[in-house]
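Visitor: Dropping a prediction and its sequence here:
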There are 2 protein chains.
Amino acid sequence: MVKIQEVAERAGVSLTTVSHVINHRDRVSPALRERVERAIAELGYIPNRQAQGLRTGRTNAIAIMIPDIGAPFYTELVRGLQTACDSEGLDALIYNTDVPGGHSEDHGLHYLRMIEKRGVDGLIVADAALHRIQHELLKVTVPTAFIGNLPNGAVDSIEQDGFDSAYRMGKYLISKGHTRIAHVTGPSFFNMSMIRQAGFEHALADAGHPIDDSLRYEGTFLPPAGHDAVRWLLERHSNNMPTAIFFASSRMARAALAALADRGIRVPGDIAVASYDLTKDLEDVRPRLTTIGVDPADLSRGALKLLNERVSGAYSGPPRRIVLPATLEVHMTA
Amino acid sequence: MVKIQEVAERAGVSLTTVSHVINHRDRVSPALRERVERAIAELGYIPNRQAQGLRTGRTNAIAIMIPDIGAPFYTELVRGLQTACDSEGLDALIYNTDVPGGHSEDHGLHYLRMIEKRGVDGLIVADAALHRIQHELLKVTVPTAFIGNLPNGAVDSIEQDGFDSAYRMGKYLISKGHTRIAHVTGPSFFNMSMIRQAGFEHALADAGHPIDDSLRYEGTFLPPAGHDAVRWLLERHSNNMPTAIFFASSRMARAALAALADRGIRVPGDIAVASYDLTKDLEDVRPRLTTIGVDPADLSRGALKLLNERVSGAYSGPPRRIVLPATLEVHMTA
DNA sequence: AACGCTTTGCAAAACGTTTTGCAGCTGATA
DNA sequence: TATCAGCTGCAAAACGTTTTGCAAAGCGTT
């Protein structure tokens, strides 16, 4: 492993100068800088990150906490983050808490401790279950950004505009002539669920077709709930089916599509289907789902930006909150 | 940040002793060790990884190269690796080359360089496209393990038994009474494709029903090829449809299921469908696919084990090769 | 009591950087 | 010519560990 000293000898300067060339370009004359840079290239010198880290106190690594890397939303969140980190020379450490329902605060806390031990420059939390332990997030000694709705804003956060998105989807379905619409929500213990629900139902009410309470079903965001919802629909409403159904997550909607197919119910012929989310996996689903949502990569990038400003010290004011507007993708199911 | 010196003072010993307690338990008396450990606990001391790394030359990080984290096989490979790494105190760095077709060696090389610069203790390559640049893998200075078929065994590798799996699926379909079976392969530039193809076609031949060349279609492993294959099937064989179709990847099979549904072709009523792979996402597909494959997490764990033995120096002989047998999962599509 | 062997703990060096004073040189000003 | 200011580059300290000799102490054997 070639070290800074060898570069210095080859360039005929002191080791300090080489370091300056690397870290403070402008503090060394152009001529000398060029000489040093050539030496670096010739020797293929690569700074030792451990040594740099030891000296500067930085690790150049950030951690991201997610509940389930298998869920398309999180997969893409991670991919987006990786890409963004790569271009800044940061390592991204994935902490997959693997509690698909995202319900276990304890488990989340355990990971929070692990991450603190690990020593990273910053932390991105993208696990909605943890919004309820934001006081714990505050105690974490590294700068933190939250992806999702964080009611009392303990730390910087970035989220989708859930109310507006669901509202727009409601208006869209109404505009297609639907007035009797079933709604499969997320679990009520997530803020996010309640926000989307409120947005959707406001749209229906504003259009003069307030939702019939019996058409609301509380799901989990997870695939099995899609199957359950279809079963519920057929058991409770087979004599008077709604003309459309809106799911609060595309995973539930996908599963529901399968369940409907199992029963020979045609989409959108017999019932229209729409859902939240905007992920790439949906491109291969047939029939193609009509959905509304935000590109997860936009959330990652935003979170990393917030975080970097904290880490670098460029910003140190009170917690900020970014809300991204969603995109409606109309396809054949609704 | 509490450092080793403070622990030493609190325990009333020298800093060296504390280090020994941490790294060479048996070189310090039980009584003293206990005293030191209590001091560590009381102060909440956490060794500085950068300093450790600088001194020992280890980074305690490994990298994994994959072509597309969005593909379920790789998602689960990563999850499995993360879990395995966590339990050993290692960081896993994901390098997602993002060339879904997995066709670009250049791109792979670029990442290989990046990873070398990054400084990791070991590297796991799970990108089949790179089997053709194994001479480059050899040049990489860090220990490397390959996940997949590596013909000339430049480095340690672990793979699924592609021939046997496909052979067994062939036999299974025959046992269900199919004799005219279409086969959608992977791209011919992957060894893996040819291996699976050989296994499958051997089974048919052994059963006395060798495949009709016109029933073979070269796919890409990717979803769009599933659609293409269905189009091909209908254009070329609509007058004499095969009774079953075997896909070399579940992503193609899933897409084909969608394409068949688009056209009102029932599965397995009109045609049976089977595929390679064993990933969790398939649990939510309807109709449920009959598939054969290996749990990706088993591959990760195996690769990490091979790698660790190299890193620790426990093994330093010639490259090893592990071949894992697959599991057949029979469901309703075939 | 003297000897040697084993156990135990210490001091100091080393890992490869970054950064802080500080010194030397240059050229301009008085 | 003497002085001053501004550049430029250097030497040395510091970051927090691990590890290598070494010394001291304990213990059993002769």
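Guide: Cool, the structure landed.
Visitor: What is the neighbour count of the residue in the stretch 201-334 of chain A that DNA strand D sits nearest to?
Guide: Proximity of the stretch 201-334 of chain A to DNA strand D (CB to the nearest atom of the strand) peaks at A:Val311, 18.1 Å away. Backbone N, C-alpha and C define where each C-beta goes, glycine included. By the criterion of other CB atoms under 10 Å in any protein chain shown, A:Val311 has 19 neighbours.
Visitor: That one touches A:Ile124, doesn't it?
Guide: No: using CB atoms under 8 Å, A:Val311 is not in contact with A:Ile124; the gap is 11.5 Å.
Visitor: before we move on, the earlier item: and the residue of the stretch 201-334 of chain A closest to DNA strand D, what does it touch?
Guide: By CB atoms under 8 Å, 6 or more residues apart in numbering or on different chains, the residues touching A:Val311 are A:Asp121, A:Gly122, A:Pro143.
Visitor: Relative to A:Ile245, how far out is it?
Guide: The gap separating A:Val311 from A:Ile245 is 44 Å, by CB to CB, to the nearest Å.
Visitor: can you map out the helices along chain A?
Guide: A:4-11, A:15-23, A:30-43, A:49-56, A:72-86, A:105-118, A:134-139, A:162-175, A:191-206, A:223-237, A:250-262, A:296-312 (DSSP state H).
Visitor: weakest of the ones you listed in terms of mean pLDDT?
Guide: Out of the helices of chain A, helix A:134-139 stands lowest, with a mean of 73 (criterion: mean pLDDT).
Visitor: Neighbours of the residue of the stretch 101-250 of chain A found nearest chain B, how many?
Guide: Nearest residue of the stretch 101-250 of chain A to chain B (CB to the nearest CB) works out as A:Pro223 at 4.3 Å. A:Pro223 has 25 neighbours, counted by other CB under 10 Å.
Visitor: Need the nearest residue in space to A:Asp212, chain neighbours excluded.
Guide: A:Arg180 (7.2 Å; CB to CB, 6 or more residues apart in numbering or on different chains).
Visitor: swap in A:Gln5?
Guide: A:Gln5 sits nearest to A:Leu15 (CB to CB, 6+ apart), 5.3 Å away.
Visitor: how about the one you found, what does it touch?
Guide: A:Ile4, A:Gln5, A:Val7, A:Ala8.
Visitor: And the first one, how close does it get to A:Arg35?
Guide: Going back to what we said before, that points to A:Ile4. Between A:Ile4 and A:Arg35 the computed distance is 15 Å (CB to CB).
Visitor: quick revisit: pretty sure the residue of the stretch 101-250 of chain A closest to chain B is touching B:Leu282, no?
Guide: No: A:Pro223 lies out of contact with B:Leu282 (CB under 8 Å); the separation is 11.3 Å.
Visitor: Would you mind measuring from the residue of the stretch 101-250 of chain A found nearest DNA strand C to A:Val323?
Guide: Residue nearest to DNA strand C within the stretch 101-250 of chain A (CB to the nearest atom of the strand): A:Asp121, separated by 14.1 Å. Distance of A:Asp121 to A:Val323, computed by CB to CB: 26 Å.
Visitor: Same check on A:Gln160?
Guide: 8 Å.
Visitor: Near chain B, which residues of the stretch 1-150 of chain A are found?
Guide: Residues of the stretch 1-150 of chain A lying close to chain B (CB under 8 Å from any CB of the partner chain) are A:46, A:48-51, A:53-54, A:59, A:61, A:69-70, A:72, A:75-76, A:78-79, A:82-83, A:86, A:91-96, A:98, A:114, A:117-119.
Visitor: Disregarding residues adjacent in the polypeptide, which is nearest to A:Arg33?
Guide: A:Val21 (5.3 Å).
Visitor: Let me know how buried that neighbour is, in neighbour terms.
Guide: Counted with other CB under 10 Å, residues neighbouring A:Val21 total 23.
Visitor: Just confirm it contacts A:Arg35, I think it does.
Guide: No: look at A:Val21 against A:Arg35 with CB under 8 Å: they stay out of range, at 9.2 Å.
Visitor: quick one on the thing from earlier: hmm, the residue of the stretch 101-250 of chain A closest to DNA strand C is touching A:Thr141, no?
Guide: No: contact criterion CB under 8 Å: A:Asp121 and A:Thr141 do not qualify, at 11.2 Å.
Visitor: Among the two, which residue is more densely surrounded?
Guide: Of the pair A:Asp121 and A:Thr141, A:Asp121 is the one with more neighbours under other CB under 10 Å, namely 21 against 9.
Visitor: what separates stretch A:310-319 from the chain centre, distance-wise?
Guide: 21 Å (CA atoms, centre = their mean, to the nearest Å).
Visitor: Now that stretch - C-alpha only, CSV.
Guide: These are the backbone C-alpha positions of stretch A:310-319, laid out as CSV (Å, rounded to 0.1, in the frame of the first residue of the first chain):
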residue,chain,number,x,y,z
ARG,A,310,-26.1,18.9,9.2
VAL,A,311,-23.0,16.8,9.1
SER,A,312,-21.0,19.5,7.3
GLY,A,313,-22.3,22.1,9.7
ALA,A,314,-23.7,24.1,6.8
TYR,A,315,-27.0,24.1,8.6
SER,A,316,-27.6,23.9,12.3
GLY,A,317,-31.0,25.5,12.9
PRO,A,318,-34.2,23.9,14.0
PRO,A,319,-35.5,20.7,12.4
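Visitor: Kind regards, and thank you for your time.
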